[in-house]
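1. Prediction below, plus the sequence it came from.
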Amino acid sequence: MQKSYRPSLKKALLLFGFIIFTAGASFGQAVYLPYTYQFDQKFNADIYSVNTSFHTALKPYLIDSTISSKYNLLMHRGVDSTRKGWIKRKIFNEHLFDEKTKEYTFYGDYLTDLQTGRDISGKKNTNLNTRGYQFGGTVGDKFSFYTSGYENAGVFAPYYTDVVNSIHFVPGQSYDRSFGLTNSKDWSYATAILSYTPIKQLNITLGEDKTFIGDGYRSLLLSDNAAPYPLLRLTANVGPFQYMIMWSYLESLQAQKFDQFGSNRRKWGVFHYLDWNVNKRLSFGFFNALISAETNDQGDTHGFDLNYINPIIFDKSLSKSNFIPDNTFVGFTAKYKIFDKTAVYGQLMIDYFKASSFLTNSVNNTNGVQLGIRGADLFKVNSLNYLVEYNAVRPYTYSSQQTITQYTQYDEPLGDPLGANFREWIGILNYSVGRFDFQGQLNYAVYGLDLPGENDGKNVLNPFFQIPTVNPPIGQGLKTNLYYGEGTISYLINPNHNLRLELGALYRDEKNSLGDKKTTLITFGLRSSFRNLYHDF
């Protein structure tokens, strides 16, 4: 039987509370900004200015002096102060609940996501019915909290339904409670965060959420593609350096189960990221990740190894000899502001590496690379934000010899949603004027799907054993081309919870020698919330 227990939330909160009330009195900024690409790109002009040294790679952001002015403008976008009636103010201008005093602030909102659509190619109707909430606030100037939750039901386009049915999980969110038995899916989603800044240079974050590292739309190191997970994250800012260490508690759906209730096997994730602003234009970063099984295949408990508190770097040598070896890799980031409000950026991740076979490109070297450019005010048009990005990940990257230690959360990649064995090009334009927001996106990807009975390196859940194959090309297996385009036009109703009317169109075409799967989807809905939900895979 697996002797694996989730850490007591009550004990964690008591410990966290003790830290809060025994810390010093130095001023700090603690307000936590939930991450979503569509919203965060609106800070491009500020954070990629050559006049600032803002650390841009680690997300979610804390609202500091660099972005606070822009944030306040966005939270009052389109607000009409002449609306005096309570109903009008709550619909168009304010949070549903909003209390502000010298000691604390508190707000709350009802969130909705009502959407109807038609897949023209598949001749199928789609819909989404989401009921949710968000609550947040501050205590003093050091402590903030945020939580959101959603109950969902919906019918997806066929390609998305196929993914849900294959993993019994709605991507990036939660279990499919229909268990793949019907086309209508039912699921929930929740996040909760306590953020505390005892001194200006240190932030402590505890809760259940996601983390994103990088300046791109994708991250090959750590993305928000997978579902939320319990985490404790410490972030220190000292001079030109930002250092993050995070401990997380992840789960595997496919790994062999031991206990009588069929509970998921669990694993520890430990992450480091060090970002160095060389000057106001140039920065470099170093990333390190470790995934460690909580139990071995015999059901013996590993527990939390004190070595995981090591603030420097992790290596497989830390793993106990009678347990499954840990899965580790390292990565590097770089960013250079070539013009004001414009930056080129990149990532390099190195998983398996053998110097003796590096020049031969053998399967013993698995890695990924990202190159991109992003910025604001393109062609001197105010609020015209853009991004162009290239990502490539070699076959078998992120994989491990055991399913339990793969680089996943609930069997979803913690990196790019395409997994491995792919090349990908992405372009995004966004323009805001008044209450209107326009966004267009184009993706093209080439990848190799696994042929029957083979492991060709795309699915990061498949066990990986180092073999002497030379030059395994990206796209090996069933070579597949993916064409993806999406456009949205939205009209903002209330900026405080991003309530908007949204018209969207999506085109997806996946081609290989076995066939051609097309989706042409038109949607319209009343939507709200700040969160990333990916459909471009």
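-> Received the coordinates, thanks.
2. Let me know the helix or strand that residue 332 is in.
-> strand 327-339 (DSSP states H and E).
3. That strand: which residues count as buried?
-> 327, 328, 329, 330, 331, 333, 334, 335, 337 (16 or more other C-beta atoms under 10 Å). Using the backbone N, CA and C atoms, a C-beta is placed for each residue, glycine as well.
4. Ok, stretch 379-386 next?
-> So, applying 16+ other C-beta under 10 Å, buried residues of stretch 379-386: 384, 385, 386.
5. which residues touch the second one?
-> Contacts of residue 385 were listed using C-beta atoms under 8 Å, 6 or more residues apart in numbering, and they are 41, 42, 44, 374, 375, 376, 378, 429, 430, 431.
6. what is it paired to in the beta sheet?
-> Residue 385 has these beta-bridge partners by DSSP bridges: residue 430.
7. what's the closest of the contacts of residue 385 to residue 510?
-> Lowest distance from residue 510 to the contacts of residue 385 (C-beta to C-beta) belongs to residue 429, with 23.6 Å.
8. show me what contacts that closest one?
-> The neighbours of residue 429, taking C-beta under 8 Å, 6+ apart as the test, are 378, 384, 385, 386, 438, 439, 440, 441.
9. Adding pLDDT and distance to residue 404, write the buried residues of stretch 379-386 out as TSV.
-> Formatted as TSV, the buried residues of stretch 379-386 follow (pLDDT from 0 to 100; distance: C-beta to C-beta, whole Å):
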residue	pLDDT	distance to residue 404
384	97	46
385	98	40
386	98	41
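10. okay but residue 45 is in contact with residue 378, surely?
-> No - Residue 45 is beyond contact range of residue 378, at 10.8 Å (criterion: C-beta atoms under 8 Å).
11. now do the same end-to-end measure for stretch 150-163.
-> End-to-end span of stretch 150-163 (C-alpha to C-alpha, to the nearest Å): 21 Å.
12. who's in contact with that stretch?
-> With C-beta under 8 Å, 6+ apart, stretch 150-163 has contacts from 111, 113, 115, 117, 119, 122, 124-132, 164, 170-171, 173, 183-190, 506, 508, 510, 517, 519, 521, 529, 535, 537.
13. Buried residues of it, list them for me.
-> By 16+ other C-beta under 10 Å, the buried positions in stretch 150-163 come out as 150, 152, 154, 155, 156, 157, 158, 159, 160, 161, 163.
14. Now the two most distant members of those residues.
-> Greatest spatial distance in the buried residues of stretch 150-163: 150 and 158, 23.3 Å, computed using C-beta to C-beta.
15. could you dump the contacts of residue 429 to JSON lines with distance to residue 491?
-> Compiled in JSON lines, the contacts of residue 429 are given as follows (distance: C-beta to C-beta, whole Å):
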{"residue": "378", "distance to residue 491": "22"}
{"residue": "384", "distance to residue 491": "18"}
{"residue": "385", "distance to residue 491": "18"}
{"residue": "386", "distance to residue 491": "22"}
{"residue": "438", "distance to residue 491": "11"}
{"residue": "439", "distance to residue 491": "13"}
{"residue": "440", "distance to residue 491": "17"}
{"residue": "441", "distance to residue 491": "19"}
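16. Can you tell me which of those lies closest to residue 70?
-> Closest to residue 70, out of all of the contacts of residue 429 and judged by C-beta to C-beta, is residue 385, at 12.3 Å.
17. I'd like to know which of the contacts of stretch 150-163 are part of strands.
-> Those of the contacts of stretch 150-163 mapping onto strands are 111, 113, 115, 117, 119, 124-132, 170, 184-190, 506, 508, 510, 517, 519, 521, per DSSP state E.
18. Leaving aside the residues adjacent along the chain, what's closest to the spatially most central residue of the chain?
-> Geometric centre of the chain, nearest residue: residue 224, 1.0 Å, by C-alpha atoms, centre = their mean. Distances taken as C-beta to C-beta, 6 or more residues apart in numbering put residue 210 closest to residue 224, at 4.0 Å, once the chain neighbours are dropped.
19. And the pLDDT at the one you found?
-> Looking at residue 210, its pLDDT is 96.
20. In the protein, where is pLDDT below threshold?
-> 1-30, 259-262, 302-308, 310-323, 353-365, 465-470 (pLDDT under 70).
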